[in-house]
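Novice: need a structure here:
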Amino acid sequence: MATRLIANIGELTTNDPTLGDESMSGRLTNAAMVVDEQRVLWVGASSNAPVADEITDVDGAAVVPGFVDSHTHLVFAGERSAEYEARMSGEQYDGGGILATVDATRRATSDELRSATSARAQALRASGVTTMEIKSGYELTLEGEQRLVQIAGEFSDEVTFLGAHTVPKEFAHDREGYVDLVAGEMLTSCAPHVRWADVFCDTGVFSVDEARRVLVCARDAGLGLRLHANQLGDIGGVGLAVELGCASVDHCTHLSDADLDALSSSDTVATLLPGAEFSSRSPYSSGRRFLDAGVTVALATDCNPGTSYVTNMSLIVAIAVREMAMTVDEALWAVTRGGATALRRDDIGHLGVGARADFLILDAPRAAHLAYRPGGDVVRQIIRASR
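Specialist: Purely as a prediction, here's the structure:
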C-alpha cells in the first residue's frame, strides 16, 4: 500500500493530546504526517519525517482534521424562505413549519430528493465535512420514512430515523396512534437501514414519556440513541437523554444547572447548533457554560430547510467563537473530535496514528483563520481516506 508524506505543514492540529504541545488540540508546528490509503501512519516534526512513496508539500499551510457534522436533515424538498423572513420581522419559531416541508417532501419523487440531497451533501463536503450524519423525518408515513432513510444511506453510513419529528396532520387528533406507529411498524421498517433513532422532545412537540417510549423501542431494536431537546423550552429532555444513555442531546438552548451537572457526569455529548439560533433570532447557548461545567461539546450545522439552512462548517466555528464564548481551539475540537464523540466514533475527528486519513489543507497558515474569515473559502483541499 503506497504511503504519502504530507510535508511542510506550518501548523498541524491533531486533536491528540499525546502529540505536539500536549493540549486538547495536540498542535505541532513545522510538522509532517505520513498516511496510506486509509490511515494516519506517522505524525511528527518535519525534520524527523520518514521516507514515503509520494510527497505532498503544502507550503506552510495549516492542516486540521476533517469536520464531522453530527446533526443534519439533508433529505427534504421545498424551501421556507418566507418563514425565515417572518422570523426576522419578529415572529417566534414554534416548530410548526416542519409540516410545510413534510408536504413538499411527500410530493417529491425519489430522484428529485436524491438530487437535492446530493447538492447539499456536496456543499457540506466542499466546506470540509468528511463525515456527516443524516436524519429522516420529513414524510412521517411508514413508506415515506423508509424511503428517506434509504436515500440518506446513499450519502452516509451515519443515518438516523426521526419518525418522531412532529405529529403529521392526519394524526392531529390521534397523537397516541402516531406514537404507536413510530415506535412500532415505522421503526421496524426503518431499523435495517439506520444506525440511530432520534425524537424531537420539546415544548409543543413530543413529551418526555412519548420520547422515552420511542427510544426504548429503538434501543431494543439495536439502534443507538440521539435526542433533540431543550431548543424551545425545558420539559426534561436532557434528563431523559442522560437516563437512556443517548450518545448526544442536541440543541440544548434552555438548560438548568441540574441539566449541566447530569451531562457532566454522563457520556452524553451536548451538541450545540448555533445555526438554528442564528436563523431563528434566538439567544445562543453559552459554549463556555458547558465547557466550564465539564460537559463534552460538539458543534454541528443542523442543515435543514426551516431553521438552519447552513452548509458551511467554518461559519459554525466563527459563530461559536464570536457569540458563544468558545476559543478557536475549543470550537475546532467541537466540529471534529466533538462530532466524532457524538457519533461514538474514535477513528475520525483526530489525526493521531491509526486515525482515518480525513484531513483539510487550509488556504491559511493557522487554523484560527476558520473563525477569522467567517464563512470564507478557507479550505484549500479536502482529503478523505487519503483521496
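
Novice: only C-alpha atoms for contact and neighbour calcs from this point on.
Specialist: Fine.

Novice: In contact with the spatially most central residue of the chain, which residues?
Specialist: Nearest residue to the geometric centre of the chain (CA atoms, centre = their mean): residue 70, 2.1 Å. Contacts for residue 70 (CA atoms under 8 Å, 6 or more residues apart in numbering) come out as 131, 132, 133, 134, 299, 300, 339, 340, 342, 343.

Novice: Could you list which of those belong to strands?
Specialist: 131, 132, 133, 134, 299 (DSSP state E).

Novice: rewinding a little: max pairwise distance over the contacts of residue 70: which two?
Specialist: Greatest spatial distance among the contacts of residue 70 (CA to CA): 134 and 299, at 14.9 Å.

Novice: Tell me how this protein divides into domains.
Specialist: If you go by automatic domain parsing, the domain ranges for the chain are 4-66+349-383, 68-342.

Novice: I'd like those domains as JSON lines, with mean pLDDT appended.
Specialist: Listed next are the domains of the chain as JSON lines, based on pLDDT from 0 to 100:
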{"stretch": "domain 4-66+349-383", "mean pLDDT": "96"}
{"stretch": "domain 68-342", "mean pLDDT": "96"}
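
Novice: Tell me the spacing between residue 197 and residue 145.
Specialist: Distance, residue 197 to residue 145, using CA to CA, to the nearest Å: 12 Å.

Novice: Can you tell me what sits against the longest helix along the chain?
Specialist: Looking across the chain with DSSP state H, the single longest helix is helix 110-126. The contact list for helix 110-126, computed with CA under 8 Å, 6+ apart, reads 74-77, 105, 147, 151-152, 155, 311-313, 382.

Novice: Mind listing what's buried along that helix?
Specialist: For helix 110-126, the neighbour count (16 or more other CA atoms under 10 Å) marks 113, 114, 116, 117, 118, 120, 121, 123, 124, 125, 126 as buried.

Novice: which one of the contacts of residue 70 sits closest to residue 20?
Specialist: Checking the contacts of residue 70 one by one against residue 20 (CA to CA), the nearest turns out to be residue 340, at 21.0 Å.

Novice: Report the contact partners of the closest one.
Specialist: When contacts are counted by CA under 8 Å, 6+ apart, residue 340 touches 68, 70, 346, 348, 349.

Novice: Make JSON lines out of those residues and add secondary structure and distance to residue 6.
Specialist: What follows is the contacts of residue 340, written out as JSON lines (DSSP: H, G, I helix; E, B strand; the rest coil; distance: CA to CA, whole Å):
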{"residue": "68", "secondary structure": "strand", "distance to residue 6": "21"}
{"residue": "70", "secondary structure": "coil", "distance to residue 6": "27"}
{"residue": "346", "secondary structure": "coil", "distance to residue 6": "22"}
{"residue": "348", "secondary structure": "coil", "distance to residue 6": "18"}
{"residue": "349", "secondary structure": "coil", "distance to residue 6": "18"}
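
Novice: Buried ones among those?
Specialist: So, by 16+ other CA under 10 Å, the buried ones in the contacts of residue 340 are 68, 70, 348, 349.
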